[in-house]
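Chemist: What follows is a predicted structure for the sequence shown.
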Protein chains: 2
Amino acid sequence: MLEIFFEIRQEMECLEEELRKIIRDADPLIKDTSLHLINAGGKRLRPAFCFLGGKFFNYDYKKVLPLAVAMELVHMATLVHDDVVDSSLTRRNIPTVKAIWGNKISTHLGDYLFGKSIKLISRYENTEIVKVLADTSVKMCEGEIQQLATANRPDQTVRDYFYRIKRKTALLIAASCQLGAASCGAPRSIQRPLRRYGHCVGMAFQITDDILDLVADQKQLGKPIGSDLRQGIVTLPLIYALKHSPRRDRLVEILIRGQKSQDEVEEACYLIRSCGGIEYAGWVVRKYVESAREELKNLPGIPARDTLDTVARFVGVRKF
Amino acid sequence: MLEIFFEIRQEMECLEEELRKIIRDADPLIKDTSLHLINAGGKRLRPAFCFLGGKFFNYDYKKVLPLAVAMELVHMATLVHDDVVDSSLTRRNIPTVKAIWGNKISTHLGDYLFGKSIKLISRYENTEIVKVLADTSVKMCEGEIQQLATANRPDQTVRDYFYRIKRKTALLIAASCQLGAASCGAPRSIQRPLRRYGHCVGMAFQITDDILDLVADQKQLGKPIGSDLRQGIVTLPLIYALKHSPRRDRLVEILIRGQKSQDEVEEACYLIRSCGGIEYAGWVVRKYVESAREELKNLPGIPARDTLDTVARFVGVRKF
């Protein structure tokens, strides 16, 4: 567990238990693959946001728990399907389900986990919760499909990029914050600032992810450097570089190539870094972190608000 | 449209319109791929069962329509993902989404269509509808994963087979019949016989599918003969043959082979046909059709009941 989640450490332990309980009676193959995913860890950001969101109104962790589990399952489902699509062999330094069990299992396992999450959510009387989750999941797919449609294309704007990362990442985090409160019966006036906070944190989180893909220590990150670029995914530092790098033409040349060699990927990473693409993206992250922290002022001053503030600051400086 | 659905021809036209309307404003790539799927046709069995189920209580086709669309979208989503898993290049004599656009798009498109279906279903006040659909989708994945786990294995029982086809096929048809009624507010006493009818029809439908894979006219079926066997999927005629064929050892030898040549697949199909495997499976189909028709006696004697009776008989004799 991340230290910043100290306030909800008991809830996070319950979450781990629940995640395991939910697949306890499943078929052996489902159990093995799901346990592999659960044991691979992760930051459990989305469940944490659910619990922290719940704290702002009539908090009862038991009311939040099914939602928190569901949100982590949705996240896991997208990771498993992303690994099919990206052909990733490791994630968090651990072999992916796809690497061990193959594409077929991964495809069905993702569907299974998503189905389980809807099943958990369907327990809530409040039909708004299913609506928000369904809408989020549709938009997440839109983001992924957009990413595929624009792969290797240098003619992308910052706006296109924001459209995509909002769908890929920010919406699920926004929904986690909002629905955490909704699951405890919070009114719109509490849900709305939480959703906006989650949106900003989610955007900052994804841009940081995209920066780390270009500069991080490979071991700490748990996956190879430059993997976005290798797949032709155009991220914010690259968009900046495509506009400001003195070697713009060379960048375009590498980007539009279907298959990129390791040397080309490293050259492109260097070109992006050397023209200030990282600094620019870092500045955008800081703007989103500021907006997220600003949004918290619309919420009651309880300890959870301080934790959310710390999370926002962490997202802006994390190295993994 | 199948002629047997004459009673609900207007509803079925609305369904086609709605299917198109739902992706009208989608991104170009989502629109193209979804339209390809919609235009590829299909029997639209599941929506038809929704409308026919609705006729048994306070029927209003507008109340059933979102459900009917959702059920077809779930079915389409599973087809797109199955094509990723099975590496199928044609379905209904038309290239699959996977064949034209590849695995990546197919994976996300399946998720998108499933998400859309949950979104449609979340409109209903009756939370039972989301619960049944979520439960069905989880079990469908269990069936598919079980199928992968047991591929190429000769030690399977009729019971294993029923477990699998119930999940793969029968549950979604049962849910369509039941929820069609539920969407109009029908009581359990109407929902239950409809669900049981759907279960029996679904089982008969899948067994017939498995028979056709061994005996059908390839052109009429729209996909190559023996494709189950080629993938190591053990169906009812094969289970019978593995017990009763005088050339059992040869069948096992072919089945357990990871890669099967065209000659081997054809030889195995011949061995299954020549020992009575098709006749046995045909007998089981008739039993399920009888049970389905029997179940209808627990429902009011309206014209929809006659249509459901005709559908049950059709499923038992269809050649495509």
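Modeler: Nice, I can see it.

Chemist: when you scan stretch A:224-242, is anything in it near chain B?
Modeler: No - under the criterion of C-beta under 8 Å from any C-beta of the partner chain, chain B is not reached by stretch A:224-242; the shortest gap measures 9.9 Å. Backbone N, C-alpha and C define where each C-beta goes, glycine included.

Chemist: Can you mark which positions in that stretch are buried?
Modeler: The neighbour-count check on stretch A:224-242 (16 or more other C-beta atoms under 10 Å in any protein chain shown) flags A:225-242 as buried.

Chemist: Could you list the low-pLDDT ranges of the stretch 51-200 of chain A?
Modeler: Applying pLDDT under 70 to the stretch 51-200 of chain A flags the ranges A:85-87.

Chemist: so A:L45 sits right up against A:I173, yeah?
Modeler: Yes - contact criterion C-beta atoms under 8 Å: A:L45 and A:I173 qualify, at 6.8 Å.

Chemist: For these two, indicate the residue with more neighbours.
Modeler: Between A:L45 and A:I173, counting by other C-beta atoms under 10 Å in any protein chain shown, A:I173 is the more crowded of the two (27 against 23).

Chemist: and that one, how far is that from A:D209?
Modeler: Going from A:I173 to A:D209 by C-beta to C-beta, to the nearest Å gives 12 Å.

Chemist: that older thread, okay, and which of the buried residues of stretch A:224-242 map to strands?
Modeler: Residues of those located in strands (DSSP state E): none.

Chemist: Look up how far chain B lies from A:V285.
Modeler: 27 Å (C-beta to the nearest C-beta, to the nearest Å).

Chemist: which parts of the stretch 101-250 of chain A sit against chain B?
Modeler: Residues of the stretch 101-250 of chain A lying close to chain B (C-beta under 8 Å from any C-beta) are A:103-105, A:107-112, A:114-116, A:118-119, A:121-123, A:125, A:127, A:130-131, A:133-135, A:137-138, A:140-142, A:144-146, A:148-149.

Chemist: List only those of those flagged as buried.
Modeler: Among these, the ones that count as buried by 16+ other C-beta under 10 Å are A:103-105, A:107-112, A:114-116, A:118-119, A:121-122, A:127, A:130-131, A:133-135, A:137-138, A:140-142, A:144-146, A:148.

Chemist: How about the contacts made by the residue nearest to A:D209 when sequence neighbours are not counted?
Modeler: Of all residues not flanking A:D209 in the chain, A:T169 sits nearest, at 7.7 Å (C-beta to C-beta, 6 or more residues apart in numbering or on different chains). Each residue near A:T169 by C-beta atoms under 8 Å, 6 or more residues apart in numbering or on different chains is listed here: A:G202, A:M203, A:F205, A:Q206, A:D209.

Chemist: Switch the residues you listed over to TSV, and while doing so, append secondary structure and neighbour count to every line.
Modeler: Listed next are those as TSV, based on DSSP: H, G, I helix; E, B strand; the rest coil; neighbours: other C-beta atoms under 10 Å in any protein chain shown:
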residue	secondary structure	neighbour count
A:G202	helix	28
A:M203	helix	25
A:F205	helix	27
A:Q206	helix	24
A:D209	helix	18
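
Chemist: Run a quick neighbour tally on the closest residue to A:M140 other than its chain neighbours.
Modeler: Using C-beta to C-beta, 6+ apart and skipping residues adjacent in sequence, the residue nearest A:M140 is A:R167, 5.6 Å away. Number of residues near A:R167 (other C-beta under 10 Å) recorded here: 21.

Chemist: ok, A:R167 touching A:S137?
Modeler: No - using C-beta under 8 Å, A:R167 is not in contact with A:S137; the gap is 10.3 Å.

Chemist: list the buried ones in stretch A:210-218?
Modeler: Taking 16+ other C-beta under 10 Å as the neighbour-count basis, stretch A:210-218 is seen to contain the buried residues A:D210, A:I211, A:L212, A:D213, A:L214, A:A216.

Chemist: in the stretch 151-300 of chain A, which spans are helices?
Modeler: Here the stretch 151-300 of chain A has its helices, by DSSP state H, counting those that start in this stretch, at A:158-165, A:171-183, A:188-215, A:218-221, A:227-230, A:236-244, A:248-255, A:262-274, A:277-295.

Chemist: what's the pLDDT at A:E267?
Modeler: Predicted confidence (pLDDT) for A:E267: 95.

Chemist: Good, wrapping up.
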